[in-house]
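1. got a sequence here, can you build the structure:
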Amino acid sequence: MPDVSSAAAATITTTLNFLEPIAGLTLPTPHSQATSLSISQSLIHLISSKSISLLHLDNSAASSSSSARAAASLTPFSFLRSLLLPPGSPIKSLHPIPDSPKLLLVSSDGHLFLADSLLTQPLRRLSAFKAVSAVSRRFRGRNEVSHDNLGDGSETPGVVFPATGLGEGTGGLLKRLGGGIMGNGVRVKSGEDVRLGLGYGNLEGGDGRAVFFAVVIGKRLVLAEFNAVSDSFSVVKEMQCVEDVQEVLWVDDSIFVGAASGYYLYSCVTGRSGMIFGLPEGSGMVYMKLMRREWRVMLMVDIVGVFVDLLGQPSGGSLVFRRGVDNVAEIGRFVVGVKDGKCDVYEKKTGKHVQTLVFGGEGMGKACIGVEEEKEEILLVGAGSKTYGPYQVFGYRKVPLEEQIKDLFRKKNFEGAISLVQELESEGEIDKDLVSFVHAQAGFLLLFDLHFEQAVDHFLQSETMHPSEVFPFIMRDPNRWSLLVPRNRYWGLHPPPAPLEEVIDNGLAAIQRAIFLKKAGVETAIDNNFLSNPPNRSDLLEAAIRSFIRYLEASRKKELTMPVKEGVDTLLMYLYRALNCVSEMEDLASSDNSCVVEELENLLDDSGHLRTLAFLYANKGRSSKALTIWRVLARNYTSLLRETGSRDDLQSRSDMLTGREVAATEASKILQTCSDQNLVLQHFGWISDVNQILAVNILTSERREKQLSPADVLTAIDLKKVEIRQRYLQWLIEDQDSDDTQFHTLYAVSLAKSALEIHGAEYSPGKLESGKQAEITASDHRTDSLFESPVRERLQIFLQSSDLYDPLQVLELVENSDLWLEKAILYRKLGQETLVLQILALKLEDSEAAEQYCAEIGRPDAYMQLLDMYLDPQDGKAPMYKAAVRLLHNHGESLDPLQVLETLSPEMPLQLASDTILRMFRARLHHHRQGQIVHNLSRAVDLDASLAILEERSRHVQINDESLCDSCHARLGTKLFAMYPDDTIVCYKCYRRLGESTSVLGRDFKADILIKPGWLVTQ
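-> Predicted coordinates for the structure are as follows:
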């Protein structure tokens, strides 16, 4: 019995290595054509035109690899015995009976035979049916669907059968199918038989003895139940059928019938039928195959397999076989067709041809095929020669999934590998971990193939890949993170990790070798684009770095341990520096990061990326080093713009900060939060030289935990930086509510000195000579100023609002100047009313302010004093008659007319003051008469009060023995008593207790005065 495994080893794989040969076997049977093959558990039955052969299948050996089988001398399958068929009765189909050691065979002449599965007994012919053209066992799915309402029995293309609720047991089916007695004497089971217990269990289940078959006899379709105990059929239903039937397939309640005219669908419940579609003449054999995985049926039309569902509707398109088929098998997601000594493997979903296996030459006859249904891993093909030769069996096994993916990776078919695992994941056959593993493996393979962008795309889709796995590509081992890198070589399809430069150099060397081999006519796995247009090393290195940057940036968003975070951020900075990505480097350094400073400071210092190093120092709390760098940058560079540009571009953008200001700004951000006073004062000076606003922000920052000492700060501030000093003092006084008289006095004196300088500059003789230049200088001064308001305005406001400064010290500065309003405020603080009025009325000629100050004094003589100043200004100044008239007009009523007349100068024109004096006299007379009226009314009220008191005192109260105290209700008798204004009487004891102002009724006469009507006051 020679082994023909070499014949089965010829394999031509198109895109996927799905099946691989495991063994071949030549049977010791006479030459014949193969008709049917069946695999049931570990038994293989091969049907040919002359015999039935029995083989044993060793599943463990068949599932093992070829090396394991060779080492253990395992044989996947072996020949047991054969049984010759009766002459003139070739078997065309075989139907294993579920849960029974028996086989049902259909001969070409229309007879049925019964055989035991071990072929120990001769065939036994059954007499129940004759002239049988096709037989099918009923296949039932997990979710059985019943069909009904097929119309009037007419043949209607594309008919849809709605559900009718088929029961799960034999009884439910038989009740709907009906019963009776056939003309040939075969018993027809009825519903009454089922009620009496004559049924045989559930259909294809239960005790396993009852199996239903659909038998086509001429133009009749008979539904019969086979009893495995009595080996007899019981007809349960019979219906009319089309003629020339070649195939029949019973699935759930749908019976598919294939005839020369087309494919038809019958309902086993109602008997109604409909045509699915017709067949043209010469369309080839009629063939149907149940696809158990999706529970669909494939109907063959020439070389095309059309998929339909159990309702006869197209489902999932069609499948085109390259060379037609003798037989078809379903294994997993694929369909295998055999023809002319070849097995073609197709994807069911897409119809794509993925593999061809050659098991014989052109002389091979018709082949049959079968699949081990339990695991769907073993496929057997049986075939004989067209002329003369032994009957051969070829075995194949499904290549393990990992091996399929590996094969695709070796062929550089990365898209096919990923598509395969994604499809398997969607069908629930693999978990996400394997998908992530495959993505990572694909990424590493693409990485070594110099496809860096695609490699990172796969890395990002892998949920199990650890970011530390890319560390060896960036930093050479050994390094700080070497122990963090998992030693995972995956499937060993790619070299060990190496620095990117080495990966690129090795890849370029491989491309050069491939170009040389291509010229010699040798094909390689190198990308054709690289062969036709070899890449440049620098371009590849840049692409690799950018791709790794993208991966590390995405990895920063993951939950990582601290050592891995440090590696990711530090190596990301390495890659940024390699491409001179200054903006990205500074963004990373200034944001929250886990960079290891020790790994980067020398690198950044040597490459001149001092700004990035300063940001990094500041972020890690090393403020002193960061400030030192910013000070160096501010000293050495005139322009350090974050974005580079030409000189013209920089000049056109006048609002951009200079490099010195940028350095000062970044340093000020550090110092605003720094509580180290020595460090702040050390760097405060050079920042104030660059920008005074930044300097003030440092001193007045409230973001630090511990505020600076004001005395030390004032000592450290350069006396020439007057505005910084003033702004800091203002912050202490106004924002910090400082009540230190020293700070108030320093602030006032500083403002006064500044005001004197500006006032002197404004009125200096030099301004008359160069007025325009002085105006420009003043404008520049206002632009650079820390204050929005002028210094004199600030001085005046502070002198008026604060009472804690020393006015004498300030007055000593301004006394000999022309700062009259400031001196007026200071004299007012000192109580020098006359000097204040002189300044307001005579120096400033502000009559309104002078009159307001007189009102604040609150004495009439102040107005007279102001009037004297208006009429006699002295110092050779003419009298201010208009101001005097205004004063008389506004406040003349409160002045003594005689004093006014005495004060008025004889030289004053009468028409200026006549109206005012007349109105003053009238007001004076009115006030006199009004006073007389008030005086007389007051006397009347006093008189009325006196009369009331007299009346009260002259009242008489009579007390007898029956008089009681209104408080304690004791008899008064001869006791002392008191009477309140509301006429209540109490004993002396109660009077002492209540008091003289509160009566027994609770009325307080001090708070609630009792008014009794009199001759003047009536209420």
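2. secondary structure class for the residue nearest to the spatial centre of the chain?
-> Against the mean C-alpha coordinate of the chain, by Cα atoms, centre = their mean, the closest residue is Lys557 at 10.5 Å. Following DSSP: H, G, I helix; E, B strand; the rest coil, Lys557 is assigned to coil.
3. hang on, isn't Leu604 packed against Ala614?
-> No: judged on Cβ atoms under 8 Å, Leu604 makes no contact with Ala614 at a distance of 9.3 Å. Yep, even glycine has a C-beta here, placed from its N, CA and C like the rest.
4. looking at the two, which is more packed in?
-> Ala614 (28 against 22; other Cβ atoms under 10 Å).
5. you'd agree that one is in a strand?
-> No: going by three-state DSSP, the assignment for Ala614 is helix, not a strand.
6. show me what contacts it?
-> 625-626, 629-630, 633, 666 (Cβ atoms under 8 Å, 6 or more residues apart in numbering).
7. looking at the residues you listed, state which has the most neighbours.
-> Neighbour counts for the contacts of Ala614 peak at Trp630, which has 30 neighbours (criterion: other Cβ under 10 Å).
8. thought that residue was touching Ala664?
-> Yes: using Cβ under 8 Å, Trp630 is in contact with Ala664, at 7.4 Å.
9. before we move on, back to that, per-residue pLDDT, the residue nearest to the centre of the chain?
-> Predicted confidence (pLDDT) at Lys557: the value is 94.
10. quick one: the strands in the stretch 351-500 of the chain, in order.
-> 353-358, 364-371, 378-385, 391-398 (DSSP state E, counting those that start in this stretch).
11. nearest to Val235, of those strands?
-> Each of those was scored for nearness to Val235 using Cβ to Cβ, and the closest is strand 364-371 (30.0 Å).
12. who touches that closest one?
-> So strand 364-371 is contacted by 33-39, 44, 46-47, 326-331, 336, 338-341, 343, 359, 378-386 (Cβ under 8 Å, 6+ apart).
13. buried only: go through those residues for me.
-> 33-39, 44, 46-47, 326-331, 336, 338-341, 343, 359, 378-385 (16 or more other Cβ atoms under 10 Å).
14. which of those fall within strands?
-> Using DSSP state E to define strands, the subset of the buried ones among the contacts of strand 364-371 located there is 34-39, 44, 46-47, 327-331, 336, 338-339, 343, 378-385.
15. what separation do you get for the nearest residue to Lys366 once chain neighbours are set aside and Asp806?
-> Excluding its sequence neighbours, the residue lying closest to Lys366 (Cβ to Cβ, 6 or more residues apart in numbering) is Asp326, at 4.8 Å. Applying Cβ to Cβ, to the nearest Å, the value for Asp326 to Asp806 is 120 Å.
16. cool, and Ser436?
-> 79 Å.
17. same check, this time on Gln865
-> With Cβ to Cβ as the criterion, Gln865 and Asp806 are 28 Å apart.
18. kindly report the same for Gln736.
-> Taking Cβ to Cβ, one finds Gln736 at 20 Å from Asp806.
19. just give the closest residue to Thr673, not the sequence neighbours.
-> In space, Thr673 is closest to Arg703, 4.9 Å off (Cβ to Cβ, 6+ apart).
20. now do stretch 721-729: distance to the chain's middle.
-> Taking Cα atoms, centre = their mean, to the nearest Å, the mean C-alpha location of stretch 721-729 is offset from the chain mean by 49 Å.
21. revised request: answer the last question for stretch 825-837.
-> 71 Å.
22. can you show me the CA trace of it as CSV?
-> Taking C-alpha atoms only, stretch 825-837 is exported to CSV below (Å, rounded to 0.1, in the frame of the first residue of the first chain):
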residue,chain,number,x,y,z
ILE,A,825,-2.7,120.4,50.3
LEU,A,826,0.4,120.2,52.6
TYR,A,827,-0.6,123.5,54.3
ARG,A,828,-4.0,122.2,54.8
LYS,A,829,-2.6,119.1,56.5
LEU,A,830,-0.6,121.4,58.7
GLY,A,831,-3.7,123.6,59.5
GLN,A,832,-2.4,126.8,57.8
GLU,A,833,-5.8,128.0,56.7
THR,A,834,-4.7,131.5,55.6
LEU,A,835,-1.9,130.1,53.4
VAL,A,836,-4.2,127.6,51.9
LEU,A,837,-6.8,130.4,51.0
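23. buried residues in it?
-> In stretch 825-837, counting by 16+ other Cβ under 10 Å, buried: 825-829, 832-833, 836-837.
24. save those residues as TSV, and put in distance to Val248 too.
-> TSV is the format used below for these (distance: Cβ to Cβ, whole Å):
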residue	distance to Val248
Ile825	119
Leu826	123
Tyr827	127
Arg828	123
Lys829	122
Gln832	130
Glu833	130
Val836	127
Leu837	130
